[in-house]
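J.: Build the 3D model from these lines:
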Amino acid sequence: MAINKNNFFIEGVSGTIAKQMTLSQRSGKTIVGKKSKGSSLPPTENQIAIREKFEDASEYALSVLEDPVQKAAYTLEATKVGMSAYALALKDAHSFPEVRRIITGKYKGLVGGIITIRARDVFKLDNVKVVIMSAAGALIEEGQAVAAGGRSKDWKYTATVANPAIPGTRVVITATDVPGNETTREFVLD
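T.: Just a heads-up that it's a prediction; the model follows:
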């Protein structure tokens, strides 16, 4: 094994060269070593699950390239971040949406009150579902939030049922992205 010190040609490079040596990165250093022969052990259940998830993500990315509308949408976003449409679709299929927080200043338990959900995804969210439950766990209402529009990552939900007891109310948000990945997060109101 060798450590690169001043050869800027291989600095930061990783991979196998000429089926004989492998370059890897450890603690910011480029390590040069003999090509690995791989493991002779059978893969673990966790390794199999990771491989299957990658396979599914790859299949999704290929399906995006076959659909002209989806390909155009992914290409538009991908060029903004210096990626290919395939790479962005692969990353999107492999990543889950993020529900950051809710803003409840305009929700006072009255019909027409607005709950703002701040959520984002690698590409874009397909939908955001809102479930409002009482402190005792009874369903008050549920429905779809609407995208705020523009470049905003906000979604807005307008209440359709009065909620007389706000303290302890649970708001459950489920964000779903285009590939179908879901993230659910629960908030308890004061």
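
J.: Now do the same for the residue nearest the centre of the chain: helix, strand or coil?
T.: Using CA atoms, centre = their mean, the residue of the chain that lies closest to the mean C-alpha position is Phe96, 2.8 Å off. Recorded secondary structure, Phe96: coil (DSSP: H, G, I helix; E, B strand; the rest coil).

J.: now the helix or strand harbouring Val99: how far from the chain's centre is it?
T.: Using DSSP states H and E, Val99 sits within strand 98-106. Relative to its parent chain, strand 98-106 has a centroid offset of 18 Å by CA atoms, centre = their mean, to the nearest Å.

J.: for stretch 73-81, same thing?
T.: 16 Å.

J.: picking up where we left off before, doesn't Thr184 make contact with the residue nearest to the centre of the chain?
T.: No - using CB atoms under 8 Å as the test, Phe96 is too far from Thr184 to be in contact (10.2 Å). Where C-beta positions appear, they are placed from N, C-alpha and C, glycine not excepted.

J.: counting contacts, what elements does the strand holding Val99 pack onto?
T.: Here strand 98-106 touches strand 114-120, strand 170-177, strand 182-188, going by 3 or more CB pairs under 8 Å, 6 or more residues apart in numbering; DSSP states H and E.

J.: In space, what's closest to Gly137 - neighbours in sequence excluded?
T.: Arg170 (7.7 Å; CB to CB, 6 or more residues apart in numbering).

J.: quick one: contacts for the residue nearest to the centre of the chain?
T.: Listed by CB atoms under 8 Å, 6 or more residues apart in numbering, the contact set of Phe96 reads 177, 181-183.

J.: Buried residues, the helix or strand where Gln25 lies. List them.
T.: For Gln25, the element it lies in under DSSP H and E is strand 21-26. Judged by neighbour count using 16 or more other CB atoms under 10 Å, the buried positions of strand 21-26 are 22-23.

J.: tell me which residues of the helix or strand following that strand are tucked away?
T.: As assigned by DSSP H and E, the chain's next helix or strand after strand 21-26 is strand 29-34. Going by neighbour count (16+ other CB under 10 Å), the buried part of strand 29-34 is 30, 32.

J.: now stretch 134-145
T.: Neighbour-count burial for stretch 134-145 [16+ other CB under 10 Å]: 140, 145.

J.: Over to stretch 76-84?
T.: Neighbour-count burial for stretch 76-84 [16+ other CB under 10 Å]: 77-78, 83.
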